[in-house]
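My questions are about this predicted structure, shown below with the sequence.
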Amino acid sequence: MHEVLKTNNPVLLNFAQVLLADAGIDAQVFDVHTSVIEGSLGILPRRIMVPDAQAGRAETVLRERLAGEPVRSDDRFLDGRITVRQPETGFRSGLDAVMLAAAVPARGGDTVLELGSGAGTASLCLAARVDGCTITGVEIDGALTDLATANAHANGLTARFITADVFDLPADLRRDFTHVFCNPPFHGGDGETSPDPARARALQDEGRLGDWLALGLKRTVSNGSFTTILRADRLGEALAALPPVGVTIFPLWPKPGVAAKRVILTVWKDSRAPAMLLPGLVLHESSGAYTEAAEDVLRGGKALDLG
């Protein structure tokens with residue numbers, strides 16, 4: 001175990017525990033019983049310990065939030081074809097962003113809008129796969145917009161990122177796009193909320209999933225596509241907010257025989273085709289390794305076959 005904080009300030013101790021837990025780090029407080037036995041009432045310091053393998057990340061998390069230093073990580077996608085700098089803590093893009101980008105059926109010359117673009121991972125994965133499409137990402141967090149713009153330049157990719165509330169788009173974006181896509185907040189208005197405001201905003205939709213879907217479809221041109229990735233257990237909620245036709249459902253199965261945790265929905269605006277449940281994609285073999293089909297998308301940059 002590695003010590004990352006030593007303090008007799010109970011407020012600081014609790015705050016640090018919350019930060020580490022929110023970052024998925026297994027932290028334990030040492031010396032609690034010693035303080036009680038000695039009757040110190042907080043005079044003796046307590047230590048936060050983390051597994052050695054998580055020590056580096058734990059220290060950066062605490063340095064960023066306690067000292068006010070912005071900490072970023074450089075993460076590679078599509079087998080290193082693009083590198084995305086994004087916050088070390090808060091909401092971070094990963095597999096979902098790559099799969100979402102792979103599901104957008106864009107071609108050269110198309111106009112594309114991403115709602116809630118974060119640090120730009122999904123838009124840049126799409127730009128790397130499809131030459132010549134015009135991509136605009138909208139993100140409410142100005143710091144993330146700046147990161148996305150810098151990431152586009154660093155990777156030599158063309159994409160425009162602007163800071164705005166997706167529900168209050170600037171006038172030049174209140175138009176139709178060939179394709180619209182989004183990774184809306186995964187959680188509804190219930191449940192625990194992260195103490196990190198940026199992470200809370202990214203993960204909690206405050207009961208507005210239907211609004212996200214309605215907005216995406218509204219900004220889609222007739223016969224164009226709107227694509228989103230969702231928790232599988234929110235599928236019923238999403239379908240209730242979408243047209244009964246022109247919808248395809250593409251499950252992402254974690255392993256063979258395991259229930260899907262994510263689904264990708266594509267809506268072809270004004271289509272009269274019946275809704276379809278597609279075979280989807282199995283992400284991992286029983287051994288835990290990625291399947292060949294998943295590798296084709298995650299490393300090879302291949303598009304998903306959504307029929």
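Yep, it's here. Numbering: from 1, shown residues only.

quick one: low-confidence ranges for the stretch 101-250 of the chain?
For the stretch 101-250 of the chain, the stretches flagged by pLDDT under 70 are 186-207.

mind listing the helices for it?
For the stretch 101-250 of the chain, the helices defined by DSSP state H, counting those that start in this stretch cover 121-129, 142-154, 197-203, 209-218, 235-241.

Burial-wise, tell me which of those comes out on top.
Per residue and on average, the most neighbours among those fall to helix 121-129, with a mean of 26 (mean count of other Cβ atoms under 10 Å). Every residue, glycine included, has its C-beta placed from N, CA and C.

now could you export just the CA positions of it as CSV?
Provided in CSV are the C-alpha atoms of helix 121-129 (Å, rounded to 0.1, in the frame of the first residue of the first chain):
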residue,chain,number,x,y,z
THR,A,121,-12.9,11.7,-28.9
ALA,A,122,-15.9,10.5,-30.9
SER,A,123,-15.8,13.3,-33.4
LEU,A,124,-12.1,12.8,-34.0
CYS,A,125,-12.5,9.0,-34.4
LEU,A,126,-15.2,9.8,-37.0
ALA,A,127,-12.9,12.3,-38.7
ALA,A,128,-10.1,9.8,-38.8
ARG,A,129,-12.4,7.2,-40.5
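
the inter-axis angle of it versus helix 142-154?
If you take axes from the mean of the first three to the mean of the last three Cα atoms, to 10 degrees, helix 121-129 sits at 20 degrees to helix 142-154.

And the helices of the stretch 101-250 of the chain: which comes nearest residue 30?
helix 197-203 (27.0 Å; Cβ to Cβ).

Report the beta-bridge partner residues of residue 251.
Counting by DSSP bridges, residue 251 forms beta bridges with residue 263.

Would you confirm that it contacts residue 230?
No - here residue 251 lies out of contact with residue 230, judged by Cβ atoms under 8 Å, at a distance of 10.7 Å.

Among those two, which residue is more densely surrounded?
The residue with more neighbours, out of residue 251 and residue 230, is residue 230; 22 against 18, by other Cβ atoms under 10 Å.

coming back round to it: now for residue 251 and residue 230: what residues contact both?
Shared contacts of residue 251 and residue 230, defined by Cβ atoms under 8 Å, 6 or more residues apart in numbering, comprise 262, 263.

mind giving me a markdown table with the helices of the stretch 101-250 of the chain and columns for distance to residue 55?
Formatted as a markdown table, the helices of the stretch 101-250 of the chain follow (distance: least, Cβ to Cβ, whole Å):
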| stretch | distance to residue 55 |
| --- | --- |
| helix 121-129 | 26 |
| helix 142-154 | 26 |
| helix 197-203 | 22 |
| helix 209-218 | 38 |
| helix 235-241 | 39 |
